[in-house]
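Novice: Pasting the sequence and the predicted coordinates here, then a few questions.
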Amino acid sequence: MRHYLRVSLAMLVLALTGCSTVTDWISPAEIDPPAELHDIVAKVSAQTLWSLDTGAGSDDKRLRLAPHYLDGRIYVADAEGKVASLDAATGRALWSVDLDAPISGGPGVGGGLVVVGTLDAEVIALSQTDGSLKWRASVSSEVLASPAIGEGRVVVRTIDGKVQGLDAATGEERWRYEREIPVLTLRGTSDPVISGDHVLCGMAGGKLINLDLRTGAVRWDVTVSVPSGRSELERLADIDANPLVLGGLVFVATYQGEVAALEEASGQILWRRKFSSYSGMAADRYNVYASDSDGFLWALDADNGSARWRQESLKNRQLSDVAVLGNTVAVGDLEGYVHLLSTEDGSLVGRTRVGSAPITHGILVAEGVLYVMGDDGDLAALKLVPAK
C-alpha cells in the first residue's frame, strides 16, 4: 500500500529531534490517480430537498467540522466562527451567532448545549435554544474533534493526546486523561463517543480507551493495533475514525492496522482483521460498512469480521465517512460526489453530486434523510427514492 505523506519542513525538523508532532494529511499517491467514474444503471435517485452555504468550510485544513442532528434541528459551525441552528426539514436558520474564533471541531450537541472547539485551544458552549453564550474554557491544545456531551460533562479530545472532562454547567475541568503521543501521527483525532456512563476514545498508536464519564477513571485500555515497521511512518497506527457503538459492541478501525469488534463492557476483542482506515464506519443489524485507505468500500459481517463484499471501483477517491439509509450505503469522495451502493452486494445503484469540494466527515442520516456537507461548507438534504 503506497501513500504520499506531506510533512512540512518544520514538522520534519521536530520529528528528527525526537519531539512529538502531528503529520499533515495522508492521501493516495499521485502515481495512483483516483479511479475514473463510469456510467451506471441507476436504481436509486437522490432528490435534493434543500441546500445552502453554511459558511467557511474546512477545505484543506483537515478540520473536523460536521453537521449534527438532534430533535429536528441541524447544527453547523464554520471555520471562521459562525455557529447556526437550522430547521432540518427546510434548512431555514433558527438562530446564528458569530464567535469570531477559528473553530476546528464540532459542533457537539446535547444537554441544552452546542459546543465547539478551536485552533486556539478553547472550548465554547452556547445555548441550544437561542445560541447565547454559556461559557468559554481553555484546554491544553487545539481541538480537532467534536466535543461530546452527557451526564453533566463535556468531553474534549485535544491533539496533544489529552482527553478532558469539563463541567457542562460552568466549563470547569473535572478530570483529565493524558497519554504520550507518538513522534508522528495523522493530523486529526477521532471524536470522543459517550455511551451510557462512560466515554470511548480512539488514540494515536492504536489504543482504544474507555473512561468513566463522571470521573475520568480508566475502565479499560486496549491496543487494537500494535504499531510495526522500521520507520515512524511505517509505525503509524492511529485511530482517527470514530468508534462505532452498537448493541453492546464497539467497532473500531485504525490506519495501517486492523478493524476490530470489542465487548463494550470489558474491552475484550471478539474479532479483528487487517484493515487500514481513517474514515468513520456505519452499521445495520448484519454488517459493518467501512471504506479503507485505498478507497475500497467493504461490508464486514458484524459477528465475525468476514468480508461479505468489497467494492473496488472507487479506488483512491479518498472516501468519506460512511452512512446507511435503508438498503443503501452512502459515501462521499474527493470531488463532491455521493456514491450509493446496495447493502446486499455492494453494487453501485446511484450517484449524485452536491458540489465540487471533497466530502470528508459531513455525511449523516436522520429521520430518513441523508445530509451531506462538503469541506467548503455547502450542505444538502437528500431524499433517496427509486430511480425512474
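Specialist: Received it, and whenever you're ready, just let me know what you need. None of these values were measured; they are calculated from a predicted model.

Novice: And for the nearest residue to residue 249 once chain neighbours are set aside, the neighbour number?
Specialist: Spatial nearest neighbour of residue 249, excluding adjacent residues (C-beta to C-beta, 6 or more residues apart in numbering): residue 261 at 5.4 Å. C-betas here are computed from N, CA, C, even on glycine. Neighbour count of residue 261, defined by other C-beta atoms under 10 Å: 23.

Novice: Show me where the stretch 1-150 of the chain has its helices.
Specialist: If DSSP state H, counting those that start in this stretch is used as the criterion, the helices of the stretch 1-150 of the chain fall at 9-16.

Novice: Could you list the low-pLDDT ranges of it?
Specialist: In the predicted model of the stretch 1-150 of the chain, residues 1-31, 58-62 satisfy pLDDT under 70.

Novice: Show me the strands in it, by range?
Specialist: Assigned by DSSP state E, counting those that start in this stretch, the strands in the stretch 1-150 of the chain fall at 3-5, 26-28, 44-53, 64-65, 68-70, 73-77, 82-87, 93-98, 103-110, 113-118, 122-127, 133-138, 148-150.

Novice: Need those in a markdown table (columns: mean neighbour count and distance to residue 360).
Specialist: Listed next are the strands of the stretch 1-150 of the chain as a markdown table, based on neighbours: other C-beta atoms under 10 Å; distance: least, C-beta to C-beta, whole Å:
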| stretch | mean neighbour count | distance to residue 360 |
| --- | --- | --- |
| strand 3-5 | 14 | 17 |
| strand 26-28 | 20 | 11 |
| strand 44-53 | 16 | 17 |
| strand 64-65 | 26 | 8 |
| strand 68-70 | 17 | 15 |
| strand 73-77 | 26 | 15 |
| strand 82-87 | 22 | 19 |
| strand 93-98 | 15 | 23 |
| strand 103-110 | 26 | 13 |
| strand 113-118 | 27 | 17 |
| strand 122-127 | 22 | 22 |
| strand 133-138 | 15 | 27 |
| strand 148-150 | 23 | 19 |
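
Novice: closest one to residue 341 among those?
Specialist: When the strands of the stretch 1-150 of the chain are compared by C-beta to C-beta, strand 44-53 sits nearest residue 341, at 9.3 Å.

Novice: Run through the neighbouring helices and strands of the closest one.
Specialist: For strand 44-53, the helices and strands in contact under the criterion 3 or more C-beta pairs under 8 Å, 6 or more residues apart in numbering; DSSP states H and E are strand 337-342, strand 348-353, strand 378-386.
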